[in-house]
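> sharing a model that was predicted from the sequence below.
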2 protein chains.
Amino acid sequence: MTRGLLVESRHRGAVAVCDADGNQYLALGDVETPAFPRSAVKAMQAIPLVESGAADAFDLDDTELAISCASHSGDKAHLATVRGLLAKARLKEAQLACGVHWPMSERASEELIRAGKNPSAIHNNCSGKHAGMLATAVYRGVDPTGYERPEHVVQEDIRRVLSEICGVPLDRHDMGIDGCSVPTFALPLAALAAGFARLGSGKGLTGARKEAAGRLVRACIASPALVAGEGRFDTVVMRGLGPNVFSKGGAEGVHCASLPALGLGIAVKIDDGTKRGAEHVLARLLSELVPGADRVLQSRIDGELRNWLGLKVGRVRPSPVLASAAKSLSSAKG
Amino acid sequence: MTRGLLVESRHRGAVAVCDADGNQYLALGDVETPAFPRSAVKAMQAIPLVESGAADAFDLDDTELAISCASHSGDKAHLATVRGLLAKARLKEAQLACGVHWPMSERASEELIRAGKNPSAIHNNCSGKHAGMLATAVYRGVDPTGYERPEHVVQEDIRRVLSEICGVPLDRHDMGIDGCSVPTFALPLAALAAGFARLGSGKGLTGARKEAAGRLVRACIASPALVAGEGRFDTVVMRGLGPNVFSKGGAEGVHCASLPALGLGIAVKIDDGTKRGAEHVLARLLSELVPGADRVLQSRIDGELRNWLGLKVGRVRPSPVLASAAKSLSSAKG
């Protein structure tokens, strides 16, 4: 990130681009040390909801599948979709264990403030994921209380699914507790990228797992505004580039994507945990791999920084190593 | 920053601890490449306001001097103090060129929203600094229009003062435009730390410059809530540790401090620009150097991270190199 003629700040990190067989098309930085994927793997965490038959039993539609994979902004449409999912499984908002934060959407926060209200668990960006987890527990006939705990069958299933899709064993040593209180399992970026290749293309998956992955990815791409929110990276990408890209960011500088047509997966982790770095890296890679991405992501690729008066003061730009590595990726398109 | 048993994110950076003669008590990382200090040097930028005689001519009190050094939260007391300063110099809010952002204070933002209002330039965290710059222009009898531009005499004076206090030449190559549209000049961290040693102790300064520095630092320490705001690092530090510490953060991971009694200055820059890293480093260093800092900054030194439900999920902690370097600093106390 430059200001005037100088570099002001630097983001370091790692990125892997892999196919479903685990072949590495790009590996910059440390792609072997496990990194917490956080919310980037919500679509994988939602697989048991579909694979188990719960989604069909509760007659969930594609918007409800999309919200179960979302880090949503807390706008009206998000809340209505989560509530719809909860109602179909006869669940209550009070059962959500994700905790409370103000909606990411400024508009939604302002509306709460004007109404003299405080946010509740439904406004948490993870409420759709939690609703899906609760519905899975209900369908399986287990007590949903404590569904967020590592030892609950819902979380045990998710651990197994993540491990199988990404092709790495996952145990308690790799586990952290996420912002929304469910387990998050650290994975090498290379394994995560291969997992996203499988998730998006279905290659290496079979039967109900393959069907569930395809259905969730298609549901997200069909409702890009539900998966994130207006103006946010994943919504912009999937609205402009779907069905060629499924993308999902996570906290602490993680961002992943599936490119179904190319059979590739991408996993980015910025060491310092900033979104500014992660989104710029992913935008650069997509611009080399996906037709139209340079146009859809133009402002993010330009990286122009403006101050409070609107003056141009600097730029976010790739390191020379990243820029040339991204260029070399275009061969992966062929 | 850890989560569970693993390191999730890392902040790299540099830190210098120097005395007024430029002796380095600590130099970790690159302390010689110029870094933009951003808002960390607001007290230095305010020196011409006092040194020129403008502050006395307009009968500014210590709260108005403190707000001219502030990155304030936009609470009522901040706005009232900026307005008082403007009124004494017969200036209008419309002359502020800092641009507009929502108040940093959530409470202040909520009050604006509830009142159906939008923020204006007075809410910008830099409005006190800008009011001081405008007052300086008026006192000097120059047209205040364009006071924010590099070629205006007010900014030329500030460049000269920064250069003299920190002991480094500063030219256009070192200049960037800050978030609030005034110039910011990049300085090596070692020079910045030595400058803060001089600013806080007066050593190496003479006459009106020395008097102005002492008056501004004392004014900030006397009104810690004006310099930042409730709950913020600089307010907590100066309220709990003044007169032994003057501290001031800037954007993009810069944080500086003067320790007047020890004759030391500290300058921290986190490469990636995050406050999380900068505040943790400064808290660690202060805890070794200043009696009582371990108590006042306990929660920041512990670095405990809790999630939306209040569960402990990880910690911010120093690297082994930083931890042992900080320990070694205690010899500088003697």
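Alright, I've got the coordinates. Numbers count the residues shown, from 1 in each chain, chains lettered A, B, ... in the order given.
> how about the residue in the stretch 1-150 of chain A positioned nearest to chain B: what's its closest non-neighbour residue?
Residue of the stretch 1-150 of chain A nearest chain B, by Cβ to the nearest Cβ: residue A:99 (2.7 Å). Any C-beta I mention is one placed from the backbone N, CA and C, and that applies to glycine too. Of all residues not flanking residue A:99 in the chain, residue B:308 sits nearest, at 2.7 Å (Cβ to Cβ, 6 or more residues apart in numbering or on different chains).
> sorry, back to before: look at the residue of the stretch 1-150 of chain A closest to chain B and report its pLDDT.
At residue A:99, the model reports a pLDDT of 97.
> got a list of what residue A:1 touches?
Listed by Cβ atoms under 8 Å, 6 or more residues apart in numbering or on different chains, the contact set of residue A:1 reads A:7-11, A:276, A:303, A:305, A:314-317, B:252, B:273.
> how far away from the center of its chain is stretch A:146-161?
Distance of stretch A:146-161 from the chain centroid (Cα atoms, centre = their mean, to the nearest Å) equals 19 Å.
> average pLDDT across it?
On average, stretch A:146-161 scores 98.
> do stretch A:107-125 as well
96.
> kindly provide the distance from residue A:271 to residue A:173.
Going from residue A:271 to residue A:173 by Cβ to Cβ, to the nearest Å gives 21 Å.
> settle it for me: which of the two has more neighbours?
Comparing residue A:271 with residue A:173 by neighbour count (other Cβ atoms under 10 Å in any protein chain shown), the higher total belongs to residue A:271, at 23 against 11.
> I figured that one hits residue B:9, correct?
Yes - contact between residue A:271 and residue B:9 holds when scored by Cβ atoms under 8 Å: they sit 6.3 Å apart.
> mutual contacts of these two, please.
In contact with both residue A:271 and residue B:9: residue A:253, using Cβ under 8 Å, 6+ apart.
> quick check: pLDDT value at residue A:26.
So, for residue A:26, pLDDT stands at 97.
> might one say that it is in contact with residue A:327?
No - counting by Cβ under 8 Å, residue A:327 is not a contact partner of residue A:26; they are 10.8 Å apart.
> out of the two, which sits in the busier spot?
The residue with more neighbours, out of residue A:26 and residue A:327, is residue A:26; 21 against 11, by other Cβ under 10 Å.
> where does that one sit: helix, strand or coil?
strand (DSSP: H, G, I helix; E, B strand; the rest coil).
> and for the closest residue to residue A:303 other than its chain neighbours, the neighbour number?
Closest residue to residue A:303 apart from its sequence neighbours, by Cβ to Cβ, 6+ apart: residue A:316 at 3.3 Å. Neighbours of residue A:316 under the rule other Cβ under 10 Å: 19.
> dump the residue contacts of residue A:316.
Taking Cβ under 8 Å, 6+ apart, we find residue A:316 in contact with A:1, A:276, A:280, A:303, A:305.
> burial count for the third one?
Using other Cβ under 10 Å, residue A:280 has 24 other residues around it.
> does the helix or strand harbouring it come close to chain B?
Secondary structure from DSSP states H and E places residue A:280 in helix A:275-289. Yes - under the criterion of Cβ under 8 Å from any Cβ of the partner chain, chain B is reached by helix A:275-289 at residue A:277.
> quick one: buried residues of that helix?
A:275-289 (16 or more other Cβ atoms under 10 Å in any protein chain shown).
> same thing with stretch A:103-110?
For stretch A:103-110, by 16+ other Cβ under 10 Å, it's A:103-105, A:108-110.
> one more: stretch A:194-209?
Per 16+ other Cβ under 10 Å, stretch A:194-209 contains these buried residues: A:194-202, A:204-205, A:209.
> circling back to that earlier point, just send the contacts of residue A:316 back as a markdown table, with pLDDT too.
Listed next are the contacts of residue A:316 as a markdown table, based on pLDDT from 0 to 100:
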| residue | pLDDT |
| --- | --- |
| A:1 | 97 |
| A:276 | 96 |
| A:280 | 97 |
| A:303 | 94 |
| A:305 | 95 |
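> could you pull out the strands for the stretch 201-334 of chain A?
Using DSSP state E, counting those that start in this stretch, the strands of the stretch 201-334 of chain A run over A:246-250, A:254-259, A:264-270, A:304-306, A:312-315.
> what's the closest of the ones you listed to residue B:134?
Nearest to residue B:134 among the strands of the stretch 201-334 of chain A is strand A:312-315; the distance by Cβ to Cβ comes to 21.3 Å.
> let me know which of the strands of the stretch 201-334 of chain A is the nearest to residue B:168.
Residue B:168 lies closest to strand A:312-315 among the strands of the stretch 201-334 of chain A, at 21.7 Å (Cβ to Cβ).
> so is that closest one next to chain B?
Yes - remark: strand A:312-315 sits within contact range of chain B at A:313-314, by Cβ under 8 Å from any Cβ.
> could I get that strand in CSV with only the CA atoms?
Output of strand A:312-315 as CSV, limited to C-alpha atoms (Å, rounded to 0.1, in the frame of the first residue of the first chain):
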residue,chain,number,x,y,z
LYS,A,312,-6.2,10.3,-4.4
VAL,A,313,-3.6,9.6,-1.8
GLY,A,314,-2.2,6.1,-2.6
ARG,A,315,-2.7,2.6,-4.0
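> which elements pack onto it?
Where contact means 3 or more Cβ pairs under 8 Å, 6 or more residues apart in numbering or on different chains; DSSP states H and E, strand A:312-315 is packed against strand A:2-3, strand A:304-306, strand B:175-177.
> how about the residues of the stretch 101-250 of chain A near chain B?
By Cβ under 8 Å from any Cβ, the residues of the stretch 101-250 of chain A that approach chain B are A:101, A:110, A:113-114, A:116, A:124, A:173-181, A:184, A:186.
> average model confidence for stretch A:49-57?
98.
> closest residue of the stretch 101-250 of chain A to chain B?
The minimum distance from the stretch 101-250 of chain A to chain B, using Cβ to the nearest Cβ, falls at residue A:176 (3.5 Å).
> touching, that residue and residue A:170? I think so.
No - Residue A:176 lies out of contact with residue A:170 (Cβ under 8 Å); the separation is 11.6 Å.
> tell me, what's touching the two both at once?
With Cβ under 8 Å, 6+ apart as the test, residue A:176 and residue A:170 both reach residue A:185.
> quick check, residue A:31 in contact with residue A:13.
No - Residue A:31 is not in contact with residue A:13 according to Cβ under 8 Å; the separation is 10.4 Å.
> more neighbours, these two?
residue A:13 (25 against 22).
> list the contacts of the more buried one.
With Cβ under 8 Å, 6+ apart, residue A:13 has these contacts: A:29, A:253, A:268-272, A:277-278, A:281.
> which stretches of chain A aren't confidently modelled?
For chain A, the stretches with pLDDT under 70 are A:333-334.
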